[in-house]
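**Q** A structural model of the following input is requested.
(one chain, ligands or ions: 2)
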Amino acid sequence: MRTSIATVSISGEFPEKLGAIAKAGFSGVEIFENDFLTYDASPREVAAMVRDFGLEITLFQPFRDFEGMPEPHRARAFERAERKFDVMGELGTDLMLICSNVSPVSLGGIDRAAADFHELGERAARHGVRVGYEALAWGRHINDHRDAWEIVRRADHRQVGLILDSFHTLSRKIDPNSIRSIPGDKIFIVQLADAPLFDMDLLYWSRHFRNMPGEGDLPVVDFMRAVAATGYAGPLSLEIFNDQFRGGSARALAEDGHRSLVYLMDQVKRLEPDIRIDVPDMPDRIAVEGVEFVEFTTGPEEKANLATLLETLGFARTGQHRNRAVELFTQGAIRIVVNTDVEGSSFAGASYSVHGTNAYAFGLKVDDAHNALRRAQALDATRFAEPRASGETAIPAIQGVGNGVIYFLDGSPALANVWDSEFAAVAPASQGTDAGLTRIDHLAQTTRYDEMLTWLLFYTSIFATRRTPMVDVVDPGGLVRSQAIESAPTPSFRVTMNGADNRKTFAGKFLAEGFGTSIQHIALATDDIFATAGRLAGLGFQALPISRNYYDDLEARFGLEPAFSDALRAASILYDRDDQGEYFQIYSRTFGEGFFFEIVERRGAYAGYGAMNAPFRIAAQRRLARPDGMPKV
Ligand SMILES: O=C(O)c1ccc(O)c(O)c1
Ligand SMILES: [Mg+2]
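**A** Ligands and ions are numbered 1, 2, ... in the order given. Reported below is the predicted structural model:
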């Protein structure tokens with residue numbers, strides 16, 4: 001599989017772009033002319049630099065306003081093209097992209113354009129290069145790949161072929177199956193991009209909002225299926241114009257891009273098994289059966305506070321690691337591991353010294369942990385492994401979001417038995433402390449807004465999950481955007497991502513003080529929120545107090561019985577309802593740099609996360625965080 005990416009897709013100076021592209025595993029690069037023109041080196045020096053990075057130049061682009069020009073523009077266009085053919089010779093690439101003409105002076109006519117391309121083909125042949133024609137979605141006369149193909153067909157020249165770009169086809173809602181009747185050898189290169197669905201001017205949408213396949217809403221898989229079905233076996237090249245990406249991290253963008261292509265082709269291969277593009281073999285997306293554990297790293301002093309918080313939530317300390325300063329707290333099917341083994345060179349120790357107390361790792365129950373690792377690594381995830389003492393189990397793991405770790409557990413003897421083999425049972429300090437919490441409902445990760453797409457792609461490509469639509473949460477300090485990833489069809493694994501733009505929001509402050517993306521809260525499920533609230537009160541749990549105004553509004557909004565809203569208010573329970581069911585939430589006070597727990601009950605088929613309650617939760621947290629507010633837990 002030959003992968004390529006246009007230099008415009010990546011931030012940074014030219015050499016930095018190339019370095020990131022090579023490191024992420026691409027085999028080629030499209031040279032966007034402007035990147036090359038603004039870089040102070042000769043074409044031969046650029047060619048050498050690209051070669052030194054182990055890359056090939058798949059395409060030189062774009063060449064504009066060529067076909068259908070009246071004289072004297074026509075003669076000038078041919079001269080211009082020949083100058084570029086010379087440059088291509090020095091760059092060592094043989095393919096140039098010609099995008100459809102947007103000039104107001106250009107003339108229409110399929111045969112006129114075909115004749116121009118035939119002649120250009122003759123000149124290209126003399127330079128030993130080829131030209132590919134791409135229909136821009138906003139081209140003046142040609143804006144549909146079907147018309148571009150007809151021109152290429154009539155041009156009838158070996159050096160002249162078609163260039164397909166998923167954005168131009170899909171943004172105009174052109175049926176990608178129309179590609180299936182084009183001979184694969186006449187498609188000279190395929191450019192891929194996705195985009196979020198916006199009702200917007202096509203040029204503006206294309207130049208500012210493209211993103212990696214799988215990050216947007218366009219049917220790029222259907223497009224690529226059709227391309228692959230033609231027998232096309234050339235490079236798959238990303239061409240992403242995106243304002244946010246221009247200021248992003250070159251390395252992260254290149255990695256996302258490579259992952260997006262591998263994931264795209266994995267899907268295509270499963271749907272079109274006979275394609276000529278050789279796609280790496282890997283297990284299908286991993287079905288997650290649930291979150292088996294969450295692990296905190298903390299120092300000896302803070303551990304006491306964390307343990308107290310867990311005990312007021314109804315957890316019991318039931319296990320002590322046989323070799324390490326690691327304790328296990330359990331309730332229902334929930335396991336919380338508290339790791340204070342932070343002195344030596346452990347990863348937990350490194351995480352603690354950088355981020356302070358944090359939930360840096362979690363374990364997922366899957367059908368086959370080694371297959372899960374294989375899939376994740378095929379999708380460019382980094383394997384995580386630490387030296388184990390004898391008798392300790394090496395649990396397959398990868399680096400997760402931010403600086404976290406994701407472990408994979410399955411039903412194989414060693415992994416299923418890990419709790420008994422590594423932890424000595426501890427007699428619970430007291431009986432009957434259980435608050436009725438049954439399992440982990442979701443993990444909430446806080447991240448910078450510009451990293452959200454990275455993590456959405458990470459989760460959706462590796463695991464059998466889908467993303468929910470983005471919702472905006474208004475924080476007095478700014479906007480926080482929130483989106484969930486859920487396993488499907490059963491939502492046994494749910495992660496919400498909250499993306500903060502600045503440091504003034506509650507989420508942004510957590511990011512700044514915790515030095516990066518990590519789990520900011522863990523939502524624990526109960527089957528009876530009122531019973532749980534009662535037991536928690538008995539355990540000394542202090543819920544996040546919610547304003548009286550909230551309950552007045554709630555009563556009016558849903559037409560609640562006063563007795564019911566009084567019961568909610570008395571226990572600081574937030575409430576939401578939709579046509580599927582009901583949702584109840586209790587929040588803990590914050591711990592450390594803004595970490596908290598949430599307790600939820602879902603009734604019926606309620607599938608959301610109470611987004612409309614988030615501003616009230618944030619307001620309450622801000623009130624408590626004020627120096628004159630009530631003390632933090
Ligand atoms: O926005 C543009 O002009 C532009 C240029 C070259 C391309 O390949 C493309 O898809 C768009
Ligand atoms: Mg293009």
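**Q** Now do the contacts for the closest residue to ligand 2 within the stretch 201-350 of the chain.
**A** Residue nearest to ligand 2 within the stretch 201-350 of the chain: Glu239 (4.7 Å; Cβ to the ion). (C-beta placed from N, C-alpha, C; glycine too.) The contact partners of Glu239, by Cβ atoms under 8 Å, 6 or more residues apart in numbering, come to Ile5, Ala6, Val8, Ser9, Glu30, Asp165, Phe167, Gln191, Leu192, Ala193, Arg210.
**Q** so where's the longest strand in this structure?
**A** strand 437-448 (DSSP state E).
**Q** Right, and ligand 1 sits closest to which residue of this structure?
**A** Nearest residue of the chain to ligand 1: Pro62, at 3.7 Å (Cβ to the nearest ligand atom).
**Q** Any stretches of the chain with poor pLDDT?
**A** For the chain, applying pLDDT under 70 flags the ranges 429-432, 626-633.
**Q** what does it have sitting close to ligand 1?
**A** Residues of the chain lying near ligand 1 by Cβ under 6 Å from any ligand atom: Gln61, Pro62, Leu97, Cys99, Glu134, Leu136, Asp165, Gln191, Ser206, Arg207, Glu239.
**Q** can you tell me which two in the residues you listed are farthest apart?
**A** Using Cβ to Cβ, the two most remote members of the residues of the chain next to ligand 1 are Leu97 and Arg207, lying 15.8 Å apart.
**Q** out of those two, which sits in the more crowded spot?
**A** Leu97 (24 against 13; other Cβ atoms under 10 Å).
**Q** Next up, the contacts around that one.
**A** Glu30, Leu59, Phe60, Gln61, Pro62, Phe63, Val131, Gly132, Glu134, Ile163, Ile189 are the contacts of Leu97 under Cβ under 8 Å, 6+ apart.
**Q** Make CSV out of those residues and add secondary structure, distance to Gln542 and neighbour count.
**A** Formatted as CSV, these follow (DSSP: H, G, I helix; E, B strand; the rest coil; distance: Cβ to Cβ, whole Å; neighbours: other Cβ atoms under 10 Å):
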residue, secondary structure, distance to Gln542, neighbour count
Glu30, strand, 58, 26
Leu59, strand, 61, 26
Phe60, strand, 65, 23
Gln61, strand, 61, 26
Pro62, strand, 61, 20
Phe63, strand, 67, 20
Val131, strand, 70, 27
Gly132, strand, 66, 26
Glu134, strand, 62, 24
Ile163, strand, 63, 28
Ile189, strand, 61, 27
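**Q** Tell me how far the residue of the chain closest to ligand 1 lies from ligand 2.
**A** 7 Å (Cβ to the ion, to the nearest Å).
**Q** of the contacts of Glu239, closest to Ser588?
**A** Checking the contacts of Glu239 one by one against Ser588 (Cβ to Cβ), the nearest turns out to be Arg210, at 41.0 Å.
**Q** still on that earlier bit, which residues are in contact with the residue of the chain closest to ligand 1?
**A** Pro62 neighbours (Cβ under 8 Å, 6+ apart): Phe32, Glu33, Leu97, Ile98, Cys99, Glu134.
**Q** and the residue nearest to Gly216 when sequence neighbours are not counted, how many neighbours?
**A** Closest residue to Gly216 apart from its sequence neighbours, by Cβ to Cβ, 6 or more residues apart in numbering: Asp194 at 3.4 Å. Residues lying near Asp194 (other Cβ under 10 Å) number 25.
**Q** hey, what's Asp194 bridged with?
**A** Applying DSSP bridges to Asp194 yields these beta-bridge partners: Asn211.
**Q** For it, give me its contacts.
**A** Taking Cβ under 8 Å, 6+ apart, we find Asp194 in contact with 166-167, 210-218, 220, 260.
**Q** The same query, at a cut-off of 7 Å, please.
**A** Residues counted as contacts of Asp194 (Cβ atoms under 7 Å, 6 or more residues apart in numbering) are Asn211, Met212, Pro213, Gly214, Glu215, Gly216, Leu218, Val220.
**Q** now do Gly12
**A** Residues touching Gly12, when contacts are defined by Cβ under 7 Å, 6+ apart, comprise Ala250.
**Q** Could you do Tyr550 as well?
**A** Contacts of Tyr550 (Cβ under 7 Å, 6+ apart): Phe616.
**Q** swap in Ser421?
**A** So Ser421 contacts Thr393 (Cβ under 7 Å, 6+ apart).
**Q** Can I take it that it is in a helix?
**A** Yes - assigned with DSSP: H, G, I helix; E, B strand; the rest coil, Ser421 falls within a helix.
**Q** quick one: the helices in the stretch 251-400 of the chain?
**A** 300-312, 347-355, 369-378 (DSSP state H, counting those that start in this stretch).
**Q** Glu289: which of those is closest?
**A** Taking Cβ to Cβ, helix 369-378 is the member of the helices of the stretch 251-400 of the chain nearest to Glu289, at 11.1 Å.
**Q** If you count contacts, what does the closest one end up packed against?
**A** Counting contacts by 3 or more Cβ pairs under 7 Å, 6 or more residues apart in numbering; DSSP states H and E, helix 369-378 is packed against strand 405-409.
**Q** moving C-terminal of the strand it packs on, what's the next helix or strand?
**A** The first helix or strand that comes after strand 405-409 along the chain, using DSSP states H and E, is helix 413-416.
**Q** Buried residues, that following helix. List them.
**A** Neighbour-count burial for helix 413-416 flags Leu415 (criterion: 16 or more other Cβ atoms under 10 Å).
**Q** How about stretch 464-481?
**A** So for stretch 464-481, counting by 16+ other Cβ under 10 Å, buried means Ala464, Thr465, Arg467, Thr468, Val471, Val473, Asp475, Gly477, Gly478, Val480, Arg481.
**Q** list the contacts for the fourth one?
**A** With contacts taken as Cβ under 7 Å, 6+ apart, Thr468 has the following neighbours: Gln483, Ala484, Glu486.
**Q** Now the phi/psi pair for it, please.
**A** Recorded main-chain torsions at Thr468 are phi -90, psi 160, according to degrees, to the nearest 10.
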